[in-house]
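K.L.:
using only what follows, build the 3D model:
(one chain, ligands or ions: 1)
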Amino acid sequence: MDNQTLTITDNRTQQTYTIPIWRGTIRAMDLRRIKAGAGDFGLMTYDPAFMNTASCQSAITYLDGDKGILRYRGYPIEQLAENCTFLEVAYLLLHGELPTEEELAYWNCEITHHSMIHENVKKFMDGFHHDAHPMGILMSTVAALSTFYPDARNVADPKCRRKQVVRLIAKMPTLAAYAFRHRLGLPYIYPDPELSYAKNYMNMLWRRTEPKYVANEVLARALEVLFILHADHEQNCSASAMRAVGSSTADPYSTAAASIAALSGPLHGGANEEVLRMLDEIGSNDNIPGFIAQVKEGKRKLMGFGHRVYKNYDPRARIIKQVAGEVFAVTGRNPKIDIALELERIALSDDYFITRKLYPNVDFYSGIIYEAMGFKPEEFTVLFGIPRTVGWLAQWQEMLQDPEQKIARPRQVYTGEDCRDFAPAALRGQKEPAGI
Ligand code: CMC
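P.N.:
Numbers count the residues shown, from 1 in each chain. The predicted model follows:
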(Lines give C-alpha, C1' and ligand atoms only; values in the text may rest on other atoms or scores of the structure.)
Protein backbone atom coordinates (compact mmCIF):
# COMPACT_ATOMS: atom_id res chain seq x y z
CA MET A 1 0.00 0.00 0.00
CA ASP A 2 1.32 3.46 -0.94
CA ASN A 3 1.56 6.36 1.42
CA GLN A 4 2.05 4.37 4.62
CA THR A 5 2.52 7.52 6.64
CA LEU A 6 0.68 9.54 9.22
CA THR A 7 0.51 13.33 9.06
CA ILE A 8 0.15 15.10 12.37
CA THR A 9 -0.46 18.80 12.86
CA ASP A 10 0.60 20.14 16.25
CA ASN A 11 -2.00 22.79 17.05
CA ARG A 12 0.36 24.36 19.59
CA THR A 13 2.84 25.31 16.86
CA GLN A 14 0.88 24.72 13.61
CA GLN A 15 3.78 22.53 12.51
CA THR A 16 3.09 19.40 10.49
CA TYR A 17 5.00 16.13 10.87
CA THR A 18 4.96 13.04 8.68
CA ILE A 19 5.53 9.79 10.48
CA PRO A 20 6.01 6.36 8.84
CA ILE A 21 3.43 3.64 9.52
CA TRP A 22 4.83 0.12 9.69
CA ARG A 23 2.56 -2.92 10.10
CA GLY A 24 -0.21 -0.79 11.57
CA THR A 25 2.03 0.93 14.10
CA ILE A 26 3.95 4.15 14.46
CA ARG A 27 7.15 4.32 16.45
CA ALA A 28 6.68 6.17 19.73
CA MET A 29 10.20 7.61 19.32
CA ASP A 30 9.06 9.33 16.11
CA LEU A 31 6.77 11.47 18.28
CA ARG A 32 9.73 12.80 20.24
CA ARG A 33 10.54 15.34 17.54
CA ILE A 34 7.11 16.95 18.03
CA LYS A 35 8.01 19.77 20.38
CA ALA A 36 6.12 22.81 21.63
CA GLY A 37 9.35 24.84 21.71
CA ALA A 38 13.13 24.55 21.72
CA GLY A 39 13.44 23.37 25.36
CA ASP A 40 10.53 20.92 25.15
CA PHE A 41 11.31 17.21 25.77
CA GLY A 42 9.05 16.11 22.90
CA LEU A 43 5.76 14.25 22.75
CA MET A 44 5.34 10.89 24.50
CA THR A 45 2.45 8.42 24.50
CA TYR A 46 0.56 7.66 27.73
CA ASP A 47 -0.68 4.07 27.83
CA PRO A 48 -1.38 2.63 31.29
CA ALA A 49 -1.53 -1.19 31.20
CA PHE A 50 -0.16 -1.14 27.62
CA MET A 51 -3.66 -1.18 26.17
CA ASN A 52 -2.43 -0.05 22.75
CA THR A 53 1.34 -0.44 22.77
CA ALA A 54 3.38 -3.07 20.92
CA SER A 55 6.46 -3.52 23.10
CA CYS A 56 8.31 -5.79 20.69
CA GLN A 57 8.34 -7.57 17.37
CA SER A 58 7.69 -11.27 17.74
CA ALA A 59 7.51 -14.23 15.39
CA ILE A 60 6.38 -16.77 18.00
CA THR A 61 2.63 -16.62 18.57
CA TYR A 62 -0.11 -15.06 16.45
CA LEU A 63 -3.36 -14.12 18.07
CA ASP A 64 -6.43 -12.48 16.54
CA GLY A 65 -8.70 -11.73 19.47
CA ASP A 66 -11.66 -10.64 17.36
CA LYS A 67 -11.66 -13.79 15.26
CA GLY A 68 -10.66 -16.13 18.11
CA ILE A 69 -7.49 -17.32 16.31
CA LEU A 70 -4.37 -18.65 18.05
CA ARG A 71 -1.32 -19.97 16.18
CA TYR A 72 2.15 -21.00 17.33
CA ARG A 73 4.75 -20.22 14.66
CA GLY A 74 1.93 -20.19 12.11
CA TYR A 75 0.35 -23.52 13.07
CA PRO A 76 -3.29 -23.37 14.29
CA ILE A 77 -3.54 -24.37 17.94
CA GLU A 78 -6.27 -26.90 17.05
CA GLN A 79 -3.90 -28.83 14.74
CA LEU A 80 -1.06 -28.82 17.27
CA ALA A 81 -3.38 -29.97 20.09
CA GLU A 82 -4.63 -32.83 17.95
CA ASN A 83 -1.37 -34.07 16.50
CA CYS A 84 1.60 -33.16 18.67
CA THR A 85 3.24 -34.03 21.93
CA PHE A 86 3.95 -31.18 24.31
CA LEU A 87 7.72 -31.43 23.80
CA GLU A 88 7.23 -31.29 20.03
CA VAL A 89 5.33 -28.01 20.49
CA ALA A 90 7.97 -26.77 22.92
CA TYR A 91 10.60 -27.41 20.25
CA LEU A 92 8.48 -25.55 17.70
CA LEU A 93 8.04 -22.50 19.94
CA LEU A 94 11.73 -22.32 20.75
CA HIS A 95 13.22 -23.20 17.37
CA GLY A 96 10.59 -21.87 14.97
CA GLU A 97 10.06 -25.19 13.17
CA LEU A 98 8.59 -28.55 14.11
CA PRO A 99 11.37 -31.10 14.71
CA THR A 100 12.24 -33.93 12.36
CA GLU A 101 12.03 -37.44 13.87
CA GLU A 102 15.74 -37.33 14.65
CA GLU A 103 15.60 -33.84 16.16
CA LEU A 104 12.61 -34.79 18.28
CA ALA A 105 14.29 -37.93 19.59
CA TYR A 106 17.35 -35.89 20.60
CA TRP A 107 15.21 -33.13 22.15
CA ASN A 108 13.17 -35.64 24.19
CA CYS A 109 16.41 -37.24 25.34
CA GLU A 110 17.94 -33.90 26.32
CA ILE A 111 14.90 -32.90 28.39
CA THR A 112 14.69 -36.30 30.07
CA HIS A 113 18.39 -36.16 30.89
CA HIS A 114 17.98 -32.89 32.80
CA SER A 115 14.81 -33.69 34.75
CA MET A 116 16.60 -34.54 38.03
CA ILE A 117 17.15 -31.79 40.56
CA HIS A 118 20.07 -31.33 42.95
CA GLU A 119 19.48 -33.11 46.27
CA ASN A 120 19.93 -29.81 48.10
CA VAL A 121 16.87 -28.42 46.32
CA LYS A 122 14.86 -31.13 48.10
CA LYS A 123 16.29 -29.99 51.43
CA PHE A 124 15.46 -26.42 50.54
CA MET A 125 11.87 -27.45 49.74
CA ASP A 126 11.57 -29.27 53.06
CA GLY A 127 11.74 -25.88 54.74
CA PHE A 128 8.33 -24.88 53.44
CA HIS A 129 5.33 -25.24 55.69
CA HIS A 130 2.88 -28.02 54.75
CA ASP A 131 0.24 -25.48 53.69
CA ALA A 132 2.57 -23.25 51.65
CA HIS A 133 0.94 -22.22 48.40
CA PRO A 134 2.45 -24.35 45.58
CA MET A 135 3.00 -21.27 43.41
CA GLY A 136 5.04 -19.75 46.24
CA ILE A 137 7.09 -22.94 46.47
CA LEU A 138 7.59 -23.06 42.71
CA MET A 139 8.55 -19.40 42.45
CA SER A 140 11.10 -19.67 45.27
CA THR A 141 12.67 -22.91 44.10
CA VAL A 142 12.98 -21.71 40.51
CA ALA A 143 14.66 -18.54 41.83
CA ALA A 144 16.91 -20.74 43.99
CA LEU A 145 18.07 -22.65 40.89
CA SER A 146 20.02 -19.53 39.94
CA THR A 147 22.32 -20.26 42.89
CA PHE A 148 22.82 -23.87 41.72
CA TYR A 149 23.73 -22.79 38.16
CA PRO A 150 25.91 -19.68 38.44
CA ASP A 151 26.98 -20.23 34.81
CA ALA A 152 23.45 -19.17 33.83
CA ARG A 153 24.41 -15.54 34.30
CA ASN A 154 26.22 -15.67 30.98
CA VAL A 155 23.09 -14.84 29.02
CA ALA A 156 25.01 -13.43 26.06
CA ASP A 157 26.29 -16.91 25.16
CA PRO A 158 23.75 -18.84 23.00
CA LYS A 159 25.16 -22.24 24.09
CA CYS A 160 24.82 -21.30 27.74
CA ARG A 161 21.29 -19.99 27.16
CA ARG A 162 20.24 -23.21 25.48
CA LYS A 163 21.54 -25.23 28.44
CA GLN A 164 19.38 -23.23 30.85
CA VAL A 165 16.36 -23.51 28.55
CA VAL A 166 16.67 -27.30 28.58
CA ARG A 167 17.26 -27.39 32.33
CA LEU A 168 14.25 -25.24 33.14
CA ILE A 169 11.80 -27.09 30.88
CA ALA A 170 13.09 -30.41 32.21
CA LYS A 171 13.00 -29.50 35.89
CA MET A 172 9.66 -27.71 36.10
CA PRO A 173 7.54 -30.89 36.38
CA THR A 174 9.97 -32.28 38.97
CA LEU A 175 9.76 -29.13 41.10
CA ALA A 176 5.98 -28.97 40.69
CA ALA A 177 5.55 -32.63 41.66
CA TYR A 178 7.86 -32.24 44.67
CA ALA A 179 5.84 -29.22 45.81
CA PHE A 180 2.70 -31.35 45.51
CA ARG A 181 4.14 -34.24 47.52
CA HIS A 182 5.76 -32.01 50.10
CA ARG A 183 2.36 -30.62 51.03
CA LEU A 184 1.05 -34.17 51.50
CA GLY A 185 4.12 -35.32 53.42
CA LEU A 186 4.84 -37.98 50.80
CA PRO A 187 8.39 -39.01 49.80
CA TYR A 188 9.64 -37.44 46.58
CA ILE A 189 9.67 -39.67 43.49
CA TYR A 190 12.59 -39.42 41.09
CA PRO A 191 11.93 -38.82 37.39
CA ASP A 192 11.52 -41.95 35.26
CA PRO A 193 13.53 -41.54 32.03
CA GLU A 194 11.40 -44.11 30.22
CA LEU A 195 8.26 -42.00 30.46
CA SER A 196 7.01 -39.11 28.34
CA TYR A 197 6.95 -35.57 29.75
CA ALA A 198 3.33 -35.78 30.96
CA LYS A 199 3.52 -39.40 32.11
CA ASN A 200 6.70 -38.75 34.04
CA TYR A 201 5.02 -35.79 35.76
CA MET A 202 2.09 -38.06 36.69
CA ASN A 203 4.58 -40.64 37.96
CA MET A 204 6.28 -38.08 40.22
CA LEU A 205 2.87 -36.88 41.48
CA TRP A 206 0.99 -40.07 42.08
CA ARG A 207 3.29 -43.07 42.32
CA ARG A 208 2.94 -44.83 45.67
CA THR A 209 4.42 -48.29 46.32
CA GLU A 210 4.15 -49.81 42.84
CA PRO A 211 7.56 -50.53 41.27
CA LYS A 212 6.61 -48.83 37.99
CA TYR A 213 3.95 -46.17 37.54
CA VAL A 214 1.60 -46.82 34.64
CA ALA A 215 -0.27 -43.69 33.62
CA ASN A 216 -3.79 -43.76 32.28
CA GLU A 217 -3.41 -43.06 28.53
CA VAL A 218 -6.47 -40.79 28.30
CA LEU A 219 -5.42 -38.67 31.28
CA ALA A 220 -1.83 -38.46 30.06
CA ARG A 221 -2.98 -37.29 26.63
CA ALA A 222 -5.36 -34.78 28.26
CA LEU A 223 -2.46 -33.36 30.24
CA GLU A 224 -0.30 -33.11 27.08
CA VAL A 225 -3.12 -31.23 25.32
CA LEU A 226 -3.61 -28.88 28.28
CA PHE A 227 0.15 -28.25 28.32
CA ILE A 228 0.10 -27.48 24.57
CA LEU A 229 -2.78 -25.02 25.00
CA HIS A 230 -0.99 -23.18 27.80
CA ALA A 231 2.49 -23.10 26.25
CA ASP A 232 2.49 -19.51 24.98
CA HIS A 233 0.15 -16.58 24.55
CA GLU A 234 2.31 -13.75 23.20
CA GLN A 235 2.75 -10.59 25.29
CA ASN A 236 0.64 -11.46 28.35
CA CYS A 237 1.49 -10.25 31.86
CA SER A 238 3.99 -13.02 32.73
CA ALA A 239 5.66 -13.02 29.28
CA SER A 240 6.04 -9.25 29.56
CA ALA A 241 7.56 -9.77 33.03
CA MET A 242 10.00 -12.26 31.49
CA ARG A 243 11.01 -9.78 28.82
CA ALA A 244 11.21 -6.80 31.20
CA VAL A 245 13.24 -8.57 33.90
CA GLY A 246 15.33 -10.44 31.33
CA SER A 247 16.15 -7.17 29.58
CA SER A 248 18.38 -6.29 32.54
CA THR A 249 20.34 -9.48 31.58
CA ALA A 250 19.42 -11.15 34.87
CA ASP A 251 19.85 -14.93 34.78
CA PRO A 252 16.90 -16.96 33.40
CA TYR A 253 16.01 -18.61 36.74
CA SER A 254 15.57 -15.29 38.56
CA THR A 255 13.76 -13.99 35.49
CA ALA A 256 11.42 -17.00 35.27
CA ALA A 257 10.68 -16.63 39.00
CA ALA A 258 9.40 -13.11 38.21
CA SER A 259 7.15 -14.59 35.52
CA ILE A 260 5.83 -17.18 37.96
CA ALA A 261 4.99 -14.33 40.35
CA ALA A 262 3.09 -12.55 37.56
CA LEU A 263 1.28 -15.75 36.60
CA SER A 264 0.15 -16.41 40.17
CA GLY A 265 -2.16 -13.37 40.21
CA PRO A 266 -5.92 -14.10 40.04
CA LEU A 267 -6.35 -11.87 36.99
CA HIS A 268 -3.79 -13.98 35.10
CA GLY A 269 -2.97 -17.68 35.66
CA GLY A 270 -4.34 -17.64 39.21
CA ALA A 271 -7.82 -17.33 37.69
CA ASN A 272 -8.12 -21.14 37.29
CA GLU A 273 -7.93 -21.53 41.08
CA GLU A 274 -10.45 -18.72 41.57
CA VAL A 275 -12.90 -20.29 39.11
CA LEU A 276 -13.09 -23.45 41.19
CA ARG A 277 -13.58 -21.48 44.39
CA MET A 278 -16.32 -19.52 42.65
CA LEU A 279 -18.07 -22.69 41.43
CA ASP A 280 -17.83 -24.13 44.95
CA GLU A 281 -19.38 -20.99 46.35
CA ILE A 282 -22.21 -20.97 43.79
CA GLY A 283 -22.86 -24.61 44.71
CA SER A 284 -25.90 -25.25 42.48
CA ASN A 285 -27.61 -23.92 39.35
CA ASP A 286 -30.30 -22.29 41.52
CA ASN A 287 -27.75 -19.80 42.82
CA ILE A 288 -26.48 -18.73 39.39
CA PRO A 289 -28.99 -15.89 38.73
CA GLY A 290 -28.15 -14.32 42.11
CA PHE A 291 -24.43 -14.61 41.39
CA ILE A 292 -24.78 -13.11 37.90
CA ALA A 293 -26.77 -10.22 39.40
CA GLN A 294 -23.87 -9.49 41.77
CA VAL A 295 -21.44 -9.54 38.82
CA LYS A 296 -23.60 -7.09 36.89
CA GLU A 297 -23.78 -4.79 39.92
CA GLY A 298 -19.96 -4.74 39.87
CA LYS A 299 -19.69 -6.51 43.25
CA ARG A 300 -18.03 -9.63 41.82
CA LYS A 301 -16.17 -10.83 38.77
CA LEU A 302 -17.15 -13.86 36.80
CA MET A 303 -13.75 -15.53 37.05
CA GLY A 304 -12.56 -17.34 33.92
CA PHE A 305 -14.42 -14.83 31.76
CA GLY A 306 -13.06 -11.92 29.78
CA HIS A 307 -9.70 -11.31 28.20
CA ARG A 308 -7.62 -8.30 27.27
CA VAL A 309 -7.15 -9.58 23.74
CA TYR A 310 -9.92 -12.11 22.99
CA LYS A 311 -13.18 -10.41 22.19
CA ASN A 312 -14.55 -13.67 20.88
CA TYR A 313 -14.58 -17.26 22.17
CA ASP A 314 -11.10 -18.24 23.39
CA PRO A 315 -10.13 -21.14 21.05
CA ARG A 316 -8.32 -22.82 23.95
CA ALA A 317 -11.53 -22.91 26.01
CA ARG A 318 -13.30 -24.67 23.13
CA ILE A 319 -10.65 -27.43 23.02
CA ILE A 320 -10.61 -27.73 26.82
CA LYS A 321 -14.37 -28.34 26.83
CA GLN A 322 -13.80 -31.35 24.53
CA VAL A 323 -10.95 -32.64 26.67
CA ALA A 324 -13.22 -32.43 29.73
CA GLY A 325 -15.58 -35.00 28.18
CA GLU A 326 -12.70 -37.42 27.56
CA VAL A 327 -11.34 -36.99 31.09
CA PHE A 328 -14.75 -37.46 32.73
CA ALA A 329 -15.19 -40.73 30.82
CA VAL A 330 -12.28 -41.99 32.95
CA THR A 331 -12.65 -40.12 36.23
CA GLY A 332 -16.42 -39.73 36.39
CA ARG A 333 -18.17 -36.45 35.71
CA ASN A 334 -17.16 -33.51 37.88
CA PRO A 335 -20.58 -32.05 38.77
CA LYS A 336 -19.10 -28.54 38.64
CA ILE A 337 -19.07 -28.79 34.85
CA ASP A 338 -22.88 -28.48 34.91
CA ILE A 339 -22.70 -25.27 36.94
CA ALA A 340 -20.00 -23.95 34.60
CA LEU A 341 -22.02 -24.80 31.47
CA GLU A 342 -25.10 -23.12 32.89
CA LEU A 343 -23.07 -20.06 33.93
CA GLU A 344 -21.69 -19.85 30.41
CA ARG A 345 -25.15 -20.26 28.84
CA ILE A 346 -26.65 -17.50 31.00
CA ALA A 347 -23.68 -15.17 30.61
CA LEU A 348 -23.51 -15.53 26.83
CA SER A 349 -27.16 -14.57 26.49
CA ASP A 350 -26.94 -11.61 28.86
CA ASP A 351 -26.48 -8.07 27.56
CA TYR A 352 -23.86 -7.22 30.21
CA PHE A 353 -21.50 -9.90 28.85
CA ILE A 354 -22.51 -9.55 25.20
CA THR A 355 -21.87 -5.80 25.00
CA ARG A 356 -18.53 -6.15 26.79
CA LYS A 357 -17.58 -9.15 24.61
CA LEU A 358 -16.87 -11.32 27.65
CA TYR A 359 -16.40 -15.00 26.78
CA PRO A 360 -14.99 -17.96 28.72
CA ASN A 361 -11.19 -17.93 28.67
CA VAL A 362 -8.68 -20.76 29.07
CA ASP A 363 -9.10 -20.79 32.84
CA PHE A 364 -12.87 -21.31 32.90
CA TYR A 365 -12.90 -25.06 32.26
CA SER A 366 -9.31 -26.16 32.96
CA GLY A 367 -9.72 -26.31 36.75
CA ILE A 368 -12.73 -28.62 36.50
CA ILE A 369 -10.55 -31.11 34.61
CA TYR A 370 -7.66 -30.72 37.03
CA GLU A 371 -9.96 -31.34 39.97
CA ALA A 372 -11.37 -34.46 38.31
CA MET A 373 -7.77 -35.68 37.89
CA GLY A 374 -7.12 -35.25 41.62
CA PHE A 375 -5.56 -31.79 41.97
CA LYS A 376 -6.55 -29.26 44.62
CA PRO A 377 -7.47 -25.72 43.46
CA GLU A 378 -4.27 -24.20 44.84
CA GLU A 379 -2.29 -26.56 42.59
CA PHE A 380 -3.99 -25.47 39.35
CA THR A 381 -1.80 -22.48 38.53
CA VAL A 382 1.31 -24.64 38.79
CA LEU A 383 -0.19 -26.72 35.97
CA PHE A 384 -0.31 -23.53 33.94
CA GLY A 385 3.26 -22.57 34.87
CA ILE A 386 4.89 -25.84 33.76
CA PRO A 387 4.05 -25.44 30.06
CA ARG A 388 4.12 -21.63 30.06
CA THR A 389 7.81 -21.86 30.98
CA VAL A 390 8.39 -22.77 27.33
CA GLY A 391 6.65 -19.60 26.15
CA TRP A 392 8.56 -17.46 28.65
CA LEU A 393 11.86 -18.91 27.45
CA ALA A 394 10.98 -18.47 23.78
CA GLN A 395 10.05 -14.83 24.45
CA TRP A 396 13.22 -14.36 26.51
CA GLN A 397 15.47 -15.77 23.78
CA GLU A 398 13.76 -13.65 21.15
CA MET A 399 14.16 -10.52 23.27
CA LEU A 400 17.87 -11.15 23.88
CA GLN A 401 18.51 -11.72 20.17
CA ASP A 402 16.56 -8.64 19.04
CA PRO A 403 19.05 -5.84 18.22
CA GLU A 404 16.33 -3.23 18.86
CA GLN A 405 15.71 -4.33 22.45
CA LYS A 406 17.37 -2.63 25.38
CA ILE A 407 16.73 -2.59 29.10
CA ALA A 408 12.97 -2.09 29.62
CA ARG A 409 12.49 1.30 31.15
CA PRO A 410 9.16 3.05 30.59
CA ARG A 411 8.61 6.77 30.98
CA GLN A 412 6.07 8.39 33.29
CA VAL A 413 3.92 11.46 33.42
CA TYR A 414 5.00 13.12 36.68
CA THR A 415 2.01 14.44 38.66
CA GLY A 416 3.71 15.10 42.03
CA GLU A 417 4.78 18.25 43.85
CA ASP A 418 6.86 20.90 42.16
CA CYS A 419 10.29 21.63 43.66
CA ARG A 420 9.95 22.79 47.30
CA ASP A 421 12.27 23.54 50.20
CA PHE A 422 12.88 21.25 53.19
CA ALA A 423 11.26 22.29 56.49
CA PRO A 424 12.30 20.93 59.95
CA ALA A 425 9.68 18.65 61.60
CA ALA A 426 8.62 21.33 64.13
CA LEU A 427 7.65 23.69 61.34
CA ARG A 428 5.70 21.20 59.20
CA GLY A 429 1.94 21.56 58.97
CA GLN A 430 -0.17 18.39 59.28
CA LYS A 431 -1.11 16.93 55.90
CA GLU A 432 -2.79 13.72 54.85
CA PRO A 433 0.16 11.55 53.70
CA ALA A 434 -0.28 10.58 50.05
CA GLY A 435 0.28 7.15 48.59
CA ILE A 436 0.28 5.01 51.76
N1 CMC B 1 -16.57 -10.43 35.14
C2 CMC B 1 -17.33 -9.32 35.08
N3 CMC B 1 -17.05 -8.21 34.38
C4 CMC B 1 -15.90 -8.21 33.70
C5 CMC B 1 -15.05 -9.32 33.68
C6 CMC B 1 -15.41 -10.46 34.43
N7 CMC B 1 -14.65 -11.55 34.45
N8 CMC B 1 -13.98 -9.06 32.91
C9 CMC B 1 -14.15 -7.82 32.45
N10 CMC B 1 -15.33 -7.31 32.92
C11 CMC B 1 -15.91 -6.00 32.61
C12 CMC B 1 -15.16 -4.89 33.32
O13 CMC B 1 -15.74 -4.65 34.60
C14 CMC B 1 -15.34 -3.73 32.37
O15 CMC B 1 -16.65 -3.24 32.52
P16 CMC B 1 -16.94 -1.65 32.37
O17 CMC B 1 -16.63 -1.35 30.95
O18 CMC B 1 -18.36 -1.50 32.74
O19 CMC B 1 -16.02 -0.98 33.33
C20 CMC B 1 -15.28 -4.41 31.01
O21 CMC B 1 -15.71 -5.76 31.21
C22 CMC B 1 -13.88 -4.42 30.38
O23 CMC B 1 -13.01 -5.08 31.29
P24 CMC B 1 -11.56 -4.63 31.64
O25 CMC B 1 -11.31 -4.92 33.08
O26 CMC B 1 -11.31 -3.24 31.16
O27 CMC B 1 -10.71 -5.61 30.74
P28 CMC B 1 -9.17 -5.91 30.86
O29 CMC B 1 -8.70 -6.20 29.49
O30 CMC B 1 -8.46 -4.84 31.61
O31 CMC B 1 -9.11 -7.22 31.78
C32 CMC B 1 -9.14 -9.47 32.47
C33 CMC B 1 -8.97 -8.51 31.29
C34 CMC B 1 -8.82 -10.88 32.00
C35 CMC B 1 -8.16 -9.10 33.57
C36 CMC B 1 -10.59 -9.38 32.99
O37 CMC B 1 -11.48 -9.77 31.98
C38 CMC B 1 -10.81 -10.23 34.23
O39 CMC B 1 -10.53 -9.76 35.33
N40 CMC B 1 -11.29 -11.51 34.07
C41 CMC B 1 -11.43 -12.39 35.22
C42 CMC B 1 -10.09 -13.01 35.57
C43 CMC B 1 -9.67 -14.05 34.56
O44 CMC B 1 -10.44 -14.91 34.16
N45 CMC B 1 -8.38 -14.00 34.15
C46 CMC B 1 -7.80 -14.95 33.22
C47 CMC B 1 -7.49 -14.33 31.91
S48 CMC B 1 -7.12 -15.53 30.62
C49 CMC B 1 -5.74 -16.40 31.08
C50 CMC B 1 -4.56 -15.61 31.51
O51 CMC B 1 -4.28 -14.50 31.06
O52 CMC B 1 -3.85 -16.11 32.36
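
K.L.:
tally of neighbours for the residue of the stretch 1-150 of the chain found nearest the ligand?
P.N.:
As assessed by CB to the nearest ligand atom, the ligand sits closest to residue 49 within the stretch 1-150 of the chain, at 6.4 Å. (Glycine included, C-beta is placed from N, CA and C.) Neighbour count of residue 49, defined by other CB atoms under 10 Å: 8.

K.L.:
same check on residue 6?
P.N.:
12.

K.L.:
pLDDT score assigned to the residue of the stretch 1-150 of the chain closest to the ligand?
P.N.:
The confidence metric pLDDT takes the value 97 at residue 49.

K.L.:
next one: it from residue 357, what distance?
P.N.:
With the distance defined as CB to CB, to the nearest Å, residue 49 ends up 17 Å from residue 357.

K.L.:
what comes into contact with stretch 96-112?
P.N.:
Stretch 96-112 is contacted from outside by 59, 73, 75, 84, 87-88, 90-92, 166, 169-170, 191, 193, 196-197, 200, using CB atoms under 8 Å, 6 or more residues apart in numbering.

K.L.:
tell me the phi and psi of the residue of the stretch 201-350 of the chain at minimum distance from the ligand?
P.N.:
In the stretch 201-350 of the chain, the residue that lies nearest the ligand is residue 306 (2.3 Å; CB to the nearest ligand atom). Per-residue torsions, residue 306: phi 90, psi 150 (degrees, to the nearest 10).

K.L.:
quick one: contacts for it?
P.N.:
Residue 306 neighbours (CB under 8 Å, 6+ apart): 356, 358-359, 361.

K.L.:
domain parsing for the chain?
P.N.:
76-266+377-392, 271-315+330-373 (automatic domain parsing).

K.L.:
mean pLDDT for those - can I get that in CSV?
P.N.:
Listed next are the domains of the chain as CSV, based on pLDDT from 0 to 100:
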stretch, mean pLDDT
domain 76-266+377-392, 97
domain 271-315+330-373, 95
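
K.L.:
nearest to residue 44, of these?
P.N.:
The closest of the domains of the chain to residue 44 is domain 76-266+377-392. By CB to CB, the value is 18.4 Å.

K.L.:
contact residues of the chain facing the ligand?
P.N.:
By the rule CB under 6 Å from any ligand atom, the part of the chain lying against the ligand is 236, 267-269, 271, 295, 301-308, 356, 358, 361-363.

K.L.:
where along this protein do the strands fall?
P.N.:
5-10, 15-20, 61-64, 69-72, 75-76 (DSSP state E).

K.L.:
point out the most buried one among those strands.
P.N.:
Mean neighbours per residue, mean count of other CB atoms under 10 Å, is largest over the strands of the chain for strand 69-72, with a mean of 21.

K.L.:
paired strands for it, with orientation please.
P.N.:
strand 61-64 (antiparallel), strand 75-76 (antiparallel) (DSSP bridges).

K.L.:
outside of that strand, which residues touch it?
P.N.:
By CB under 8 Å, 6+ apart, the residues outside strand 69-72 that reach it are 60-63, 76-77, 80, 89, 92-93, 231-233, 315-316.

K.L.:
need the buried ones from these selected in PyMOL.
P.N.:
The PyMOL selection below is limited to those of those classed as buried (16 or more other CB atoms under 10 Å):
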select buried, resi 60+61+62+63+77+80+89+92+93+231+232+233+315+316
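
K.L.:
what distance do you get for residue 269 to residue 386?
P.N.:
Distance from residue 269 to residue 386, by CB to CB: 11 Å.

K.L.:
the two: who's more crowded?
P.N.:
Remark: of residue 269 and residue 386, residue 269 carries more neighbours, 28 against 25, as counted by other CB under 10 Å.

K.L.:
wait, the more buried one touches residue 388, no?
P.N.:
Yes: checked against CB atoms under 8 Å, the pair residue 269 and residue 388 is within contact range at 7.2 Å.

K.L.:
shared neighbours, these two?
P.N.:
238, 263.

K.L.:
on that earlier part again, among the residues of the chain next to the ligand, which are located in helices?
P.N.:
Judged by DSSP state H, the residues of the chain next to the ligand include 271, 295, 362-363 as members of helices.
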